[in-house]
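In: here's my sequence, what's the structure:
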Amino acid sequence: MEGLGNDFIVVEEQEIVPFSSALPLLATKLCDRHFGVGADGVIVVCNSQLADIGMRIFNADGSEAEMCGNGIRCLAKFVFERRMVGKTEFAVETKAGLIFPQVVAENGRVAKVVVNMGKPRLSPQEIPVHIQGDTVVGKTLPVEERVFHFTAVSMGNPHVVIFEVPSNWEDWGRTIEIHPLFPRRTNVEFVEVVSPQEARVKVWERGAGATLACGTGACAVLVAGVLNGLLEKEARIHLPGGTLRISWKEDGNVYMEGEAREVFEGKVSEGVIKEWMSRSE
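Out: Coordinates of the predicted model:
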């Protein structure tokens, strides 16, 4: 499945029970675009005792993320169209807490998904980032020979938002991701503000590298833009793979609206999986 070109292999938990102890390894192998299926990450659809459905997300490098905005739209479409949930608005348990997608369906097919992404987390401890203070807005980040001004936001996972787009932004994203200021590493968004209602973004995702879109990143960009007086509380965020409409509403929650698409179904050879696992031992 893909959301604005951010692509995922979606699997149901019961399908991979024999290999559940090796999910990080399995994710790296499945996401390999030459020897595996190819994706930015693996989404595991789980049962939940706290919500209608559960979600785990593994990056292409095998690390497990707290949440994924494009991924949760894909999951919402997946579970609704397969009747794993019986309502258009439901709760999803993630490592970032409960998230509430609402599907807009026509004849049983999902046309778009609106997700209540919850309240942004702005304190350094919650993001996390090794900086003193109540928020991390307009701080300086010395990186090699450059100094960037950044704002840090967590939408369940950490983001650094920089309101400039250097020509070699991928190199800087790779370096900033692992900067010691960020104990859990970080996603990085480089932003060009077009108007108070519009921004263009280049995305460097923690554990995946340069991607075509990032839902939580788009939310973080809007929040950071508002905090810096650059964006209004509702804006179109243009990513390389397409556009998301993001709003920060009076209830304090951030809402994301966008599409998700199922591209193909397939089966992975159990023998190949066993071979991957045996080679790692």
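In: all helices for the stretch 1-150 of the chain, in order.
Out: For the stretch 1-150 of the chain, the helices defined by DSSP state H, counting those that start in this stretch cover 23-31, 69-81.
In: which of the ones you listed sits most buried?
Out: Mean neighbour count (mean count of other Cβ atoms under 10 Å) peaks for helix 69-81 among those, with a mean of 26. The way it works is simple: take the backbone N, C-alpha and C, and place the C-beta from them, glycine included.
In: one step back: let's have the helices of the stretch 1-150 of the chain in JSON lines, adding distance to Trp169.
Out: What follows is these, written out as JSON lines (distance: least, Cβ to Cβ, whole Å):
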{"stretch": "helix 23-31", "distance to Trp169": "22"}
{"stretch": "helix 69-81", "distance to Trp169": "20"}
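In: Asn107: which of the ones you listed is closest?
Out: Counting by Cβ to Cβ, Asn107 lies closest to helix 69-81 out of these; the figure is 10.7 Å.
In: with just CA atoms, put that closest one into CSV.
Out: Listed in CSV are the C-alpha atoms of helix 69-81, where the atom choice follows Å, rounded to 0.1, in the frame of the first residue of the first chain:
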residue,chain,number,x,y,z
GLY,A,69,0.8,9.1,9.6
ASN,A,70,0.8,7.8,6.1
GLY,A,71,0.9,4.3,7.5
ILE,A,72,-2.1,4.7,9.6
ARG,A,73,-4.1,5.9,6.6
CYS,A,74,-3.1,2.7,4.8
LEU,A,75,-4.0,0.6,7.8
ALA,A,76,-7.4,2.3,8.1
LYS,A,77,-8.2,1.5,4.5
PHE,A,78,-6.9,-2.0,4.9
VAL,A,79,-9.0,-2.9,8.0
PHE,A,80,-12.2,-1.2,6.8
GLU,A,81,-12.3,-2.7,3.4
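In: what pLDDT, on average, does it get?
Out: In this model, helix 69-81 carries a mean pLDDT of 97.
In: swap in stretch 189-205?
Out: Averaging pLDDT along stretch 189-205 gives 98.
In: just the CA atoms of it, as PDB, please.
Out: Only the C-alpha atoms of stretch 189-205 are listed here, as PDB (Å, rounded to 0.1, in the frame of the first residue of the first chain):
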ATOM      1  CA  GLU A 189      11.700  18.100   7.500                       C
ATOM      2  CA  PHE A 190      13.200  20.900   5.300                       C
ATOM      3  CA  VAL A 191      10.500  23.400   4.600                       C
ATOM      4  CA  GLU A 192       9.800  26.200   2.000                       C
ATOM      5  CA  VAL A 193       6.900  28.300   3.200                       C
ATOM      6  CA  VAL A 194       4.900  29.400   0.100                       C
ATOM      7  CA  SER A 195       2.200  31.300   1.900                       C
ATOM      8  CA  PRO A 196       0.500  31.200   5.400                       C
ATOM      9  CA  GLN A 197      -1.700  28.400   4.000                       C
ATOM     10  CA  GLU A 198       0.900  26.400   2.000                       C
ATOM     11  CA  ALA A 199       4.300  24.900   2.400                       C
ATOM     12  CA  ARG A 200       6.600  22.500   0.400                       C
ATOM     13  CA  VAL A 201       8.600  19.900   2.300                       C
ATOM     14  CA  LYS A 202      11.500  17.600   1.800                       C
ATOM     15  CA  VAL A 203      11.400  14.600   4.200                       C
ATOM     16  CA  TRP A 204      14.200  12.600   5.700                       C
ATOM     17  CA  GLU A 205      12.700   9.800   7.800                       C
END
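In: kind regards, and thank you for your time.
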